[in-house]
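Enquirer: just the structure for this:
(chains A and B)
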Amino acid sequence: MKMLLTGNEAIARGAYEAGCLVACAYPGTPSTEILENVSKYKEIKSEWSTNEKVALEVAAGAAIAGARALASMKHVGLNVAADPLFTIAYEGVNGGLVIITADEPGMHSSQNEQDNRIYAYHAKIAMVEPSDSQECKDFVKEAFNISETYDTPVLVRVTTRVCHSKSIVELEERIDAKVKDYAKDTSKYIMVPANSKRKHVEIENERIPKLRDYSNSTLLNRIEYNSKKIGIITSGISYHHAKEVFGQEASYLKIGFSYPLPDKLIREFAEQVETLYVIEENEPYIETFVRSMGIDCIGKDLLPLCGELSPEIIRKALLKEEDQEAYTLDMSIPMRPPALCAGCPHRGIFYEVGKYKDKIISTTDIGCYTLGMAPPLGVGDTCICMGAGITAGIGFDRVNELAERGKKVFGFVGDSTFFHSGITGLIDAVYNGSDMTVVILDNRITAMTGHQENPGTGKNIVGLEAPMVDIETLVKAIGVKEENIRVVDPYKLDETKKAVKDAYESDELFVIITKQPCALIKEVQRERRGLHCQVNQEKCRKCKACLRIGCPAISFDGEIVTIDETQCNGCTICLQVCPFNAIEYFDERR
Amino acid sequence: MTTSILLVGVGGQGTILVSKILSQGLMKKGYDVKMSEIHGMSQRGGSVTTQIKFGEKVYSPSIGMAEADILVSFEKLEAARYLPFLKKGGTLIVNDTEMYPLPVLTGAAEYPKGIIDKLLETVEDTRVIKASEIAEELGEPRCQNIVILGSMVKSLGLDEIDWIELIKENLPERVHEVNIKAFEKGLEAASLYVKTEA
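Expert: Residues are numbered from 1 along each chain as shown, chains lettered A, B, ... in the order given. Sure thing, here's the model as predicted:
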């Protein structure tokens, strides 16, 4: 049967067909839908893990125990999981272990565009790189075979354009999956120095040479000979861009198995073609290897290292084609940056903290609430990575004290991010006596990535009831003083304002927990349908106070202020900031 | 030969669902299809794009400047923003509705005036659809995306594919009726438009 699948759906299907039994992930664009789709196959035990390190460790344990296991994450997630990665690389597997890294050239929804192919080289594990949905499915299946045959974890490296593109996939049956026997083998699975030293030598002398032989002979790496005037070595989505530009006018060495790279195949191909191009996104990963073999090629000297590639960019760089003549409009077009949604519960706390923005430093974190930095709210000085909303705040606060800046630090972290890597930061703040304020934005979901459950939501990945970790209890247990903890409803500005004031005036570690579910959660939408606010035009003095909350439902056309009923969910923040009582609340729920 | 369609709009307008239904229909008709979307952070009221290519064999899913045969815009400012991606002589389908971006809401920028007129002046084959208005008349503003789907398949000459079936497959049953009506209104709107132009 043929189906139109995204790369992520196809990866999930590949795991299913390969007989995968355990799968773990932490959500992150563009990888999120992999586990969402895996979890639809009831044969696979699927879990949202608290973070990527946990996901990889759970998967590694499952693989050692004898099951085929998968962990998936976005590119920066592999940084979090790098610790287990480098050592499970030494230990190898029992059941196959496949790790998906979804990289993001172009950074559509990420904080950097690191090229994770280098991780495979660095950790000395096999790597495959599918280029479309069919290959996503096929390569994941092959990755499980490679993992078990060569006793190595396998990295499957995909990119946004592969993950989020749909193409046609031929489906097959699931193979009969059985848990393999486990035999205790401390020399393999306990990496104390004596074992590690032996293992490292074994990997260099045995695993990598064997994998290189495989790389030279596998069909995952294939040559397509057409015109030999131009030869192109390429991998992933770049292969399709190159095919579109050069068609039959070039020959291709398509790399599907990209660590170790196929030295013999590359040399054979290079000898057959007149001019050799290496077309790859981001780092010159293949190119550096080709050059290290003494083979000359054209690559990053002409092609950009930053951002995504496209047929257009390749044409311009390599064929020196001029820009196509395009339509233009003579007008200035305002940007449309992402914004906190109408009814977003984060708006209330940012509005109140924003009143202090000249007197504080705010260290924020990864999630929808990063958008609190945008005007008119404008709350946010730094954003680095998951968890740093608290920890970068600890550091900033230290220096504010040293420099006597007299500025308090407010650190922001979401509920899922708090579970991911905020807890350790808060323990550090307690232990090292920080006097910053930590704001935990509990919107009862992992929102930015499209609503995944987390340890605070009371549900697991398949929607079944799960134990709920209570953030307030946790914060108390960590050692934050009870009198320095406030739990507020951010839709209620009075109590939010009071909590922010208390925090600002405190000279001890302070925690504010805002509790209100994300406005886009389906049940919340259903519950609030019929609630909305409206401007009473007779009372409105056009002071624009309501525009300063940055709600996309409120607009001023130069004459009157209106609220878009289709967007408004009746959160009433605008009503509370209006000094003339000109905003009215309606409850038309049936 | 491949045909390239670029769909643009504002996060929350339902562009991705339309792209999904369109791609499924094209596949059923026997075309090779690739659809590429960008979502994530941009879905929060930001500018969103989906690229669809179909033909006998499709390689790259990406559409570059002046490469789209058809540009479908769910909002008129986005039509202006992405116009340079439309091939000279291509077709522009634009929903005559405006959604203010944050800089306009906060007064930092102005929403340009006369966009539709300028588009009509610039692109010969511009088809203006009042999808939001039609959807409101149907009592379900959210089905404007399906109105646009109807107009789009009519304009592409793809109305022989069983789109109703695909709408049913992709949407929950309780909204089938209104969305089928929306689709039919979209077809109608496009044919009316074509007639007046001729």
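
Enquirer: all contacts plus neighbour counts: C-alpha atoms, from now on.
Expert: OK.

Enquirer: show me which helix or strand of chain B is least confident by mean pLDDT.
Expert: Among the helices and strands of chain B, helix B:176-197 carries the lowest confidence by mean pLDDT, DSSP states H and E, at a mean of 82.

Enquirer: touching that helix from outside, list them.
Expert: B:127-129, B:131, B:134-135, B:138, B:140, B:143-144, B:146-155, B:164, B:167-168 (Cα atoms under 8 Å, 6 or more residues apart in numbering or on different chains).

Enquirer: now with 10 Å?
Expert: Helix B:176-197 is touched from outside by B:93, B:125-131, B:134-135, B:137-140, B:142-155, B:159, B:163-165, B:167-171, B:198, with contacts defined as Cα atoms under 10 Å, 6 or more residues apart in numbering or on different chains.

Enquirer: count the residues that sit near A:Ile107.
Expert: I think there's a mix-up here, since residue A:107 is Met and not Ile. Around A:Met107 sit 17 other residues, with neighbours defined as other Cα atoms under 10 Å in any protein chain shown.

Enquirer: just say helix, strand or coil for it.
Expert: The three-state label for A:Met107, taken from DSSP: H, G, I helix; E, B strand; the rest coil, comes out as coil.

Enquirer: please state the offset of the least confident helix or strand of chain B from the chain centre?
Expert: Here helix B:176-197 shows a centroid-to-chain-centroid distance of 13 Å under the convention Cα atoms, centre = their mean, to the nearest Å.

Enquirer: before we move on, what about stretch A:213-220?
Expert: Per Cα atoms, centre = their mean, the displacement of stretch A:213-220 from the mean C-alpha position of its chain is 31 Å.

Enquirer: buried residues of it, list them for me.
Expert: Going by neighbour count (16 or more other Cα atoms under 10 Å in any protein chain shown), the buried part of stretch A:213-220 is A:214-216, A:220.

Enquirer: the contacts of helix B:176-197 also near chain A: which ones?
Expert: Of the entries in the contacts of helix B:176-197, those that also sit close to chain A under the rule Cα under 10 Å from any Cα of the partner chain are B:140, B:142.

Enquirer: pull out the buried residues from the contacts of helix B:176-197.
Expert: Taking 16+ other Cα under 10 Å as the criterion, what is buried in the contacts of helix B:176-197 is B:93, B:125-131, B:134-135, B:138, B:140, B:142-155, B:163-164, B:167.

Enquirer: the lowest-mean-pLDDT helix or strand in chain A packs against which elements?
Expert: Among the secondary structure pieces of chain A, namely its helices and strands, strand A:554-556 has the lowest mean (mean pLDDT, DSSP H and E), a mean of 91. Using 3 or more Cα pairs under 10 Å, 6 or more residues apart in numbering or on different chains; DSSP states H and E as the contact criterion, the elements in contact with strand A:554-556 are strand A:531-535, strand A:561-563, helix B:102-105.

Enquirer: between the ones you listed, which gets nearest to A:Tyr351?
Expert: helix B:102-105 (15.7 Å; Cα to Cα).

Enquirer: now do that closest one: distance to the chain's middle.
Expert: For helix B:102-105, the separation from the chain centroid amounts to 23 Å (computed by Cα atoms, centre = their mean).

Enquirer: identify the residues contacting it?
Expert: Residues from elsewhere that reach helix B:102-105, judged by Cα under 10 Å, 6+ apart: A:334-340, A:374-376, A:547-548, A:550-557, A:561, B:45-46, B:99, B:108-112.

Enquirer: returning to what we had before: most packed of the helices and strands packed on strand A:554-556?
Expert: Per residue and on average, the most neighbours among the helices and strands packed on strand A:554-556 fall to helix B:102-105, with a mean of 23 (mean count of other Cα atoms under 10 Å in any protein chain shown).

Enquirer: helix or strand right after that helix?
Expert: Once helix B:102-105 ends, the next helix or strand along the chain (criterion: DSSP states H and E) is helix B:115-122.

Enquirer: hmm, who's touching that next one?
Expert: By Cα under 10 Å, 6+ apart, the surrounding residues in contact with helix B:115-122 are A:327-331, B:76-77, B:79-80, B:83, B:92, B:94-98, B:125-128.

Enquirer: alpha carbons of the helix or strand just after it, as CSV, please.
Expert: Per DSSP H and E, the first helix or strand lying C-terminal to helix B:115-122 is strand B:125-129. Listed next in CSV are the C-alpha coordinates belonging to strand B:125-129 (Å, rounded to 0.1, in the frame of the first residue of the first chain):
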residue,chain,number,x,y,z
ASP,B,125,-4.1,36.5,-13.5
THR,B,126,-5.1,37.6,-10.0
ARG,B,127,-8.2,35.9,-8.5
VAL,B,128,-9.6,37.6,-5.5
ILE,B,129,-11.8,35.4,-3.3
